[in-house]
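Novice: test case, fold it:
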Amino acid sequence: MNRKSIVIGAGFGGLALAIRLQSAGIETTLVEARDRPGGRAYMWEKDGFIFDAGPTVITDPDCLSELWRLSGHDMAEDVDLIPVSPFYRLNWRDGTNFDYSNDEAALRSQIAKLNPEDVAGYESFLDYANGVYEEGYRKLGHVAFLDFASMVRAAPALAKHQAWRSVYSVVSSHVKSEKLREALSFHTLLVGGNPMQTSSIYALIHKLEKDGGVWFAKGGTNKLVQAMARHFERLGGTMRLADPVVQIETYGDKAVAVRTASGWRGEADAVASNADLMHQYRDLVGHHPRGQKQAEKLARKRWSPSLFLLHFGIKGSWPGIPHHMILFGPRYGGLLKDIYDYGVLPQDFSLYLHHPTVTDPSMAPDGHSTFYALAPVPHMGKLPIDWEQFGPVYAERILDEIQHRLIPDIRSRIVTRFHYAPPDFQRDLSAHLGSAFSLEPLLTQSAWFRAHNRDDVIPNLYLVGAGTHPGAGIPGVVGSAKATAALMIEDLA
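Specialist: The predicted model follows:
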């Protein structure tokens, strides 16, 4: 086709888009600010331990394998995906455990122990999740919403499924056990959404997990990233690492080139950005009226919270602690209000505990284990505290919780540890306010109300990633790449 494109940012969205463009014969250069690809799916190696930086729950693996099938390849050539079961173990402070999986008989048995009446309610909730999956993911999850008319066309299906209600509200209409309500609604937190406010369309996550399972890439999520990068270069794509983009050059209302910190300048027929939305418009396109206007608009949006991650490598192996674990705190709704609405760093917290060595021991030295504990925290716009001062204190409180509930002698076992806080998201990823998931996934910030996959004013500037439709999470950003690639391939034909 003799067309050139530049994709900014080698996170999951940027990599998936670059692979699609290169597979279609569009000469593509992928430019990444950090020293290795991954974006939020970065990784660290410390003292023999491998630590994934971010996303560790892989669902809908077919949306990934499709990237290889486009050119007649097999994803298994480059990465080994391992099924994880249970998907998650949910644990409450009273000692209750609930293993969530697609083993339906075991799941119904556990539900009956919580509340026998909820077995039928769970069945009806699954029917609801199937319906929103069909409408919200299969039909709408991979297509761009470029005008309000497209939103109007989708409205009847959204109304049918009461999309204005929250996930927690819909779950509560099906089951009575508070523990089960938490178990069936917490998933939105994995894409930056408050279960009490996020549209019930996100109940589709249950169908995604039930049908496709939950997976882990052997060696860590970044091994999947490396596989995508390797496949992109196999197709003839070019990758520039450790060279942040400083400007998207425009001529009139057209993007013409990209300039980087090193002085490199690349001209292109089309530019796509997987960068943070605010960074893209305020900084990279800030010289153009469109950039200034869009940055002002974005500043008024609701941004998802940030995260505090404590990574630690310890002596010993822990076969009794599953790969994914949710440690619920004493509060649910109140804790979410503190984080999302009040901007409070609460005394209590709920934790996501990632324990990859139970699935893949190679991620730690022999006889050792790799963990991270993740706590949602308000973004820096709501909680402007000094994380250099509070970070170590918060890390100790997290260790206290894990010591109390799982590993009594954890401190004597620690070989290496470090934490990652909101300012790190801002510094490493140019994330506005240190947000970990871009725009909050509210109904009023979804589909057409989200940043568009093709810019409205600069028609050869495209967006991909968590800030555009359909949103955060690996299936979400890979789906955004499919939607954006379809536009770009058509426009460049």
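
Novice: can we go C-alpha only for contacts and neighbour counts from here?
Specialist: Will do.

Novice: return the distance of Phe437 relative to Val477.
Specialist: Counting by Cα to Cα, to the nearest Å, the gap between Phe437 and Val477 amounts to 11 Å.

Novice: find residues that contact each of those two.
Specialist: With contacts defined as Cα atoms under 8 Å, 6 or more residues apart in numbering, the residues shared by Phe437 and Val477 are Ala466.

Novice: what secondary structure does Gly219 sit in?
Specialist: Taking DSSP: H, G, I helix; E, B strand; the rest coil as the rule, one finds Gly219 in the coil state.

Novice: distance of it relative to Ile205?
Specialist: Taking Cα to Cα as the measure, Gly219 and Ile205 are separated by 25 Å.

Novice: ditto for Gly14
Specialist: Following Cα to Cα, the distance that separates Gly14 from Ile205 is 22 Å.

Novice: pick out whichever of the two has more residues nearby.
Specialist: Residue environment comparison for Gly14 versus Ile205 gives the larger neighbour count to Gly14, 31 against 21, counting by other Cα atoms under 10 Å.

Novice: now the helix or strand the more buried one falls within, how far from the centre of its chain.
Specialist: Taking DSSP states H and E as the criterion, the element that holds Gly14 is helix 12-23. Computed by Cα atoms, centre = their mean, to the nearest Å, the separation of helix 12-23 from the middle of its chain amounts to 17 Å.

Novice: for that helix, what is the average pLDDT?
Specialist: Averaged across helix 12-23, pLDDT comes to 98.

Novice: report all helices and strands that the helix or strand following it contacts.
Specialist: Sequence order places strand 27-31 as the next helix or strand after helix 12-23, per DSSP H and E. Other helices and strands packing on strand 27-31, by 3 or more Cα pairs under 8 Å, 6 or more residues apart in numbering; DSSP states H and E, are strand 4-8, helix 12-23, strand 238-240.

Novice: can I get the ones you listed in TSV including distance to Ile248?
Specialist: Below are these laid out as TSV (distance: least, Cα to Cα, whole Å):
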stretch	distance to Ile248
strand 4-8	10
helix 12-23	16
strand 238-240	16
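
Novice: which of the ones you listed sits closest to His161?
Specialist: Minimum separation from His161 across those (Cα to Cα) falls at helix 12-23, 28.2 Å.

Novice: what about this protein, any weak spots by pLDDT?
Specialist: Judged by pLDDT under 70, the chain has its weakly predicted residues at 1.

Novice: which segments of it make up each domain?
Specialist: Following the assignment in automatic domain parsing, the chain carries domains at 4-42+58-80+217-301+439-492, 124-212, 306-429.

Novice: what's the end-to-end length of the last one?
Specialist: This points to domain 306-429. 12 Å.

Novice: now swap in the first one and tell me
Specialist: Terminal residues of domain 4-42+58-80+217-301+439-492 lie 9 Å apart, using Cα to Cα.

Novice: which residues sit in contact with Ser435?
Specialist: Applying Cα under 8 Å, 6+ apart, one finds that Ser435 lies in contact with Trp303, Ser304, Pro305, Ser306, Leu307, His379, Met380, Pro422, Phe425, Gln426.

Novice: equivalent analysis for Pro423, please.
Specialist: Under the contact definition (Cα under 8 Å, 6+ apart), the residues listed for Pro423 are Met380, Trp387, Gly434.

Novice: hmm, Ala421 and the second one touching each other?
Specialist: This means Trp387. Yes: here Trp387 lies in contact with Ala421, judged by Cα atoms under 8 Å, at a distance of 7.0 Å.

Novice: the two: which is more packed in?
Specialist: Set Trp387 next to Ala421 and count neighbours by other Cα under 10 Å: Ala421 wins out with 21 against 18.

Novice: state the distance from Ala486 to Ser480.
Specialist: The separation that Ala486 has from Ser480, given Cα to Cα, amounts to 10 Å.

Novice: the more surrounded of the two?
Specialist: For Ala486 and Ser480, the more surrounded residue by other Cα under 10 Å is Ser480, and the numbers stand at 31 against 17.

Novice: now the more buried one. Its backbone dihedrals?
Specialist: Here the main-chain torsion angles of Ser480 (degrees, to the nearest 10) amount to phi -60, psi -40.

Novice: I'd say it and Tyr137 touch.
Specialist: No: look at Ser480 against Tyr137 with Cα under 8 Å: they stay out of range, at 11.3 Å.

Novice: what about Gln347, how many residues nearby?
Specialist: Counted by other Cα under 10 Å, the residues lying close to Gln347 total 8.

Novice: residues contacting it?
Specialist: When contacts are counted by Cα under 8 Å, 6+ apart, Gln347 is found next to no other residue.

Novice: that one looks like it's in a helix, true?
Specialist: No: Gln347 sits outside any helix when classified using three-state DSSP, being coil.

Novice: Ile398 versus that one, what's the distance?
Specialist: Applying Cα to Cα, the value for Gln347 to Ile398 is 10 Å.

Novice: go through stretch 244-251 and flag the buried ones.
Specialist: If you call a residue buried by 16 or more other Cα atoms under 10 Å, then stretch 244-251 has these buried ones: Pro244, Val245, Val246, Gln247, Ile248, Glu249, Thr250.

Novice: count of neighbours near the residue nearest to Trp448 when sequence neighbours are not counted?
Specialist: If the residues on either side of it in the chain are set aside, Trp448 comes closest to Phe145, at 4.9 Å by Cα to Cα, 6 or more residues apart in numbering. Phe145 is flanked by 25 other residues according to other Cα under 10 Å.
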